[in-house]
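# below is the structure, and that's it, no one-letter string:
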């Protein structure tokens, strides 16, 4: 859990949301050029005219971060992780200065901050740091003095004053963390009008969801939906932040989707179907001494390797709890480094064999209470069988049912399951 601490204890509003302050976040496409920066400025000004004080978190413009990484590769194929973070954090710094200058030019006081200037203090893991605390005193003072604050997303600083980055979805995480430190609402602006029941690139008739619970949104984020990153949803849930996913249409913000502590008691509803491609199945078999599963999980956690669809299996005639789980394919190299090619860890963990199976995709049906409906699970099985789609793994929780299928069958599986339930 990322713990957001406001260092000014007297200014905490623990009994209610601060309605006078609003945090907004704009992604790279929303700030890609001068015209789009002007659109953002006008949207900010509309809120200022309503009497609100704003903190605006922004990403790097357009493909800036990708271009920086390309330039990095021209220098070295194996960059030092500390210097990598210094380089890729530059993009957001350019955006905040441009937006602050534009607002000032339009007659509205604005001031920009990088992560280290606030500071947003993080752990020391480069490229995937987690927020430890935020000093919001500086933000509050500037807000009281009439400034609109523009903050660089995606970045922070560790306790040794090293610049760090937060990894994928880092700007969303920055925005919600600041909202938590100020105890106020957070609006995430994207290219789409809220959270949809499926990825519109795969499902043309995907529908907008008006309200969704934190837990359901966590599943959407974790299972491949690209609208919000799961870390920002975790923070919103932990601090009960009113989180909204919106867009600007015809110059006005839409209502979008509200993410909150929504409950659907005694009922079940299906809110969406997601596809997470690029999944690898990892099977770890223990020797006669028995697999040391808890130490295995500790090692994976130290490397920031998230695992999913976890099952424990018992082989006959061997006193061993074998474990099967899934990871993202980009983590295969890490698995090889810390397990397959690491003789010391193989011996310490009592590992007999490790099998990797990539080229898989995870299809997930999401909705509160669906796990209690055997008919839902039965229908998913029937749909896949009728379409000759093999299931490699299945996982069921209170609000989701996930099946692992071959990547080449995933598009058909997604569409057939979606079309039945929607």
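All right, it came through fine. None of the values given here were measured: they were computed from a predicted structure.
# so in terms of bridging, what pairs with residue 22?
residue 54, residue 185 (DSSP bridges).
# that one is in contact with residue 56, isn't it?
No. The pair residue 22 and residue 56 fails to qualify as a contact (C-beta atoms under 8 Å) at a distance of 9.2 Å. For every residue, glycine as well, the C-beta is placed using N, CA and C.
# just want to know which of these two has more residues nearby.
Between residue 22 and residue 56, counting by other C-beta atoms under 10 Å, residue 56 is the more crowded of the two (30 against 22).
# what's around the residue nearest to residue 304 when sequence neighbours are not counted, how many residues?
Once flanking residues are discounted, residue 304 sits nearest to residue 128: 5.1 Å by C-beta to C-beta, 6 or more residues apart in numbering. When counting by other C-beta under 10 Å, one arrives at 18 neighbours for residue 128.
# any idea how far residue 128 lies from residue 306?
10 Å (C-beta to C-beta, to the nearest Å).
# likewise for residue 141?
Where residue 306 is concerned, residue 141 sits at a distance of 38 Å (C-beta to C-beta).
# likewise for residue 68?
25 Å.
# what's the answer for residue 152, then?
26 Å.
# more neighbours, the two?
The neighbour count for residue 152 versus residue 306, taken as other C-beta under 10 Å, is higher for residue 152 (29 against 13).
# count the residues that sit near the residue lying closest to the more buried one once chain neighbours are set aside.
Excluding the flanking residues, the one nearest residue 152 by C-beta to C-beta, 6+ apart is residue 92, at 3.6 Å. Neighbourhood size, residue 92 [other C-beta under 10 Å]: 31.
# report the contact partners of residue 92.
58, 59, 60, 114, 152, 153, 154, 155, 171 (C-beta atoms under 8 Å, 6 or more residues apart in numbering).
# any idea which of these is the one closest to residue 401?
Nearest to residue 401, judged by C-beta to C-beta, of the contacts of residue 92 is residue 171 at 31.0 Å.
# next, the closest one: secondary structure please.
Assigned state for residue 171: helix (three-state reduction, DSSP: H, G, I helix; E, B strand; the rest coil).
# tell me the phi and psi of the residue lying closest to it once chain neighbours are set aside?
Nearest non-adjacent residue to residue 171, counting by C-beta to C-beta, 6+ apart: residue 153, 2.8 Å away. Backbone geometry at residue 153, expressed as degrees, to the nearest 10, gives phi -80, psi 170.
# was I right about residue 153 contacting residue 169?
No. If you go by C-beta under 8 Å, residue 153 and residue 169 don't touch, sitting 9.6 Å apart.
# higher neighbour count, these two?
Neighbours were tallied for residue 153 and for residue 169 using other C-beta under 10 Å; the higher tally belongs to residue 153 (31 against 20).
# which residues touch the helix or strand of the chain with the lowest mean pLDDT?
Ranking every helix and strand in the chain by mean pLDDT, DSSP states H and E puts strand 308-314 at the bottom, with a mean of 82. With contact meaning C-beta under 8 Å, 6+ apart, strand 308-314 is reached by 222, 293, 320-327, 362, 393-395, 402, 404.
# go again with 10 Å.
222-223, 276, 279, 281-286, 291, 293, 297, 320-328, 362, 364, 392-395, 402-404 (C-beta atoms under 10 Å, 6 or more residues apart in numbering).
# can you tell me which of those residues end up in helices?
Among these, the members found in helices (DSSP state H) are 222, 293, 297.
# for the residue nearest to residue 304, give me its contacts.
For residue 128, the contacting residues are 81, 85, 122, 164, 165, 166, 167, 168, 170, 231, 303, 304, by C-beta under 10 Å, 6+ apart.
# among those residues, name the buried ones.
85, 122, 164, 165, 166, 167, 170, 231 (16 or more other C-beta atoms under 10 Å).
# which single one of these is nearest to residue 251?
residue 170 (28.6 Å).
# which stretches of the stretch 301-422 of the chain form strands?
Along the stretch 301-422 of the chain, the stretches classed as strands by DSSP state E, counting those that start in this stretch are 308-314, 321-328, 351-366, 393-397, 400-406.
# residue 206: which of those strands is closest?
Among the strands of the stretch 301-422 of the chain, the nearest to residue 206 by C-beta to C-beta is strand 351-366 (13.2 Å).
# can you give me the buried ones in the closest one?
For strand 351-366, by 16+ other C-beta under 10 Å, it's 351, 352, 360, 361, 362, 363, 364, 365, 366.
# need the max-distance pair from the residues you listed.
Going by C-beta to C-beta, the pair spanning those furthest: 352 and 366, at 36.2 Å.
# against residue 226, how distant is residue 413?
Distance check for residue 413 against residue 226: by C-beta to C-beta, it reads 19 Å.
# neighbour count: these two, which is higher?
residue 413 (22 against 15).
# ok, that one - contacts?
Listed by C-beta under 10 Å, 6+ apart, the contact partners of residue 413 are 273, 275, 361, 363, 380, 383-384, 387, 389, 391, 403, 405-406.
# buried ones among the residues you listed?
273, 275, 361, 363, 380, 383, 384, 389, 403, 405.
# just the pLDDT for the residue nearest the centre of the chain.
Nearest to the mean C-alpha position of the chain, by C-alpha atoms, centre = their mean, lies residue 229 at 1.5 Å. For residue 229, the pLDDT comes out at 86.
# my guess is it contacts residue 171. True?
Yes. Using C-beta atoms under 10 Å, residue 229 makes contact with residue 171 at a distance of 8.9 Å.
# where are the low-confidence patches of the stretch 301-422 of the chain?
In the predicted model, the stretch 301-422 of the chain carries pLDDT under 70 at residues 314-320, 371-372.
# can you rerun that using 50?
Residue ranges of the stretch 301-422 of the chain with pLDDT under 50: 317-319.
# the strands in the stretch 151-300 of the chain, which residues?
155-157, 163-165, 185-189, 195-196, 208-209, 211-213, 243-246, 248-249, 252-253, 257-260, 272-286.
# among those strands, which is nearest residue 74?
Here strand 163-165 is closest among these (C-beta to C-beta), at 19.9 Å.
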